[in-house]
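1. Give me coordinates for this.
(one chain, ligands or ions: 2)
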Amino acid sequence: MSESKSYTGGCACGAVTYRIDGDPMAVRQCWCRHCQKLSTGGPTHNAFFMADAIAVDGTLASNAHAADSGNELSWYFCASCGTQLFGASSARPQMRAVRLGSLDQAHELQPTAAIWVQEAPGWVRIDPAMEQHPAQPPAPPPQNQS
Ligand SMILES: [Zn+2]
Ligand SMILES: [Zn+2]
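-> Residues are numbered from 1 along each chain as shown. Ligands and ions are numbered 1, 2, ... in the order given. You can find the predicted model right below:
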């Protein structure tokens, strides 16, 4: 097994920082209506990591809503400045969606798939090189399955 990477990140005001030891299972952008609200009009860009690989320093606030699927979707943000940091689904409580823009160093992560593209605004041009899903595709495979 190759050596895992580590990442650091944080919010816009600096009150919350985090460190991740591990590799992401997937990097996706999500165009669902809910993500468009969180992101002020674009998609959210998310790198999926195991929750226990993430160490947070600072005070997070959170909120949640019930998705059409019946799953509860939570989102976590800096209690001081509101920067989006993580998302989570009750369907996959062991995983976190780390908002790509909150990673604070040069890194190689980029989305390889766009999901919920059926809800994207008409003016959006999605990179045709990315895999595209009209709605929710299957979850990325969990790590350490064996
Ligand atoms: Zn902040
Ligand atoms: Zn979404």
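
2. Could you verify that Ser74 is part of a helix?
-> No: when DSSP: H, G, I helix; E, B strand; the rest coil is applied, Ser74 is found to be strand, with no helix at that position.

3. count of residues packed around it?
-> By other C-beta atoms under 10 Å, the residues close to Ser74 number 17. (C-beta placed from N, C-alpha, C; glycine too.)

4. thought it was touching Gln84?
-> No: judged on C-beta atoms under 8 Å, Ser74 makes no contact with Gln84 at a distance of 11.7 Å.

5. can you give me the strands in the protein?
-> 6-10, 17-21, 26-30, 44-50, 54-57, 60-66, 72-78, 84-89, 95-99, 113-115, 131-132 (DSSP state E).

6. so who does Phe77 touch?
-> Going by C-beta atoms under 8 Å, 6 or more residues apart in numbering, Phe77 touches Cys11, Leu60, Ala61, Ser62, Thr83, Gln84, Leu85.

7. Equivalent analysis for Ser69, please.
-> With C-beta under 8 Å, 6+ apart, Ser69 has these contacts: Ala91, Gln136.

8. Likewise for the one 10 residues further on?
-> Ala79 makes contact with Ala15, Val16, Thr59, Leu60, Ala61, according to C-beta under 8 Å, 6+ apart.

9. To ligand 1, which of the strands of the chain lies closest?
-> strand 72-78 (3.1 Å; C-beta to the ion).

10. and the closest one, does that touch ligand 1?
-> Yes: Strand 72-78 is in contact with ligand 1 by C-beta under 5 Å from the ion, via Cys78.

11. Go through the contacts of Phe77 and give me the one with the most neighbours.
-> Result: Leu85 is most packed of those (other C-beta under 10 Å), 26 neighbours.

12. residue contacts, that residue?
-> Gly9, Gly10, Cys11, Val16, Tyr18, Leu60, Tyr76, Phe77, Cys78, Val98, Arg99, Ser102.
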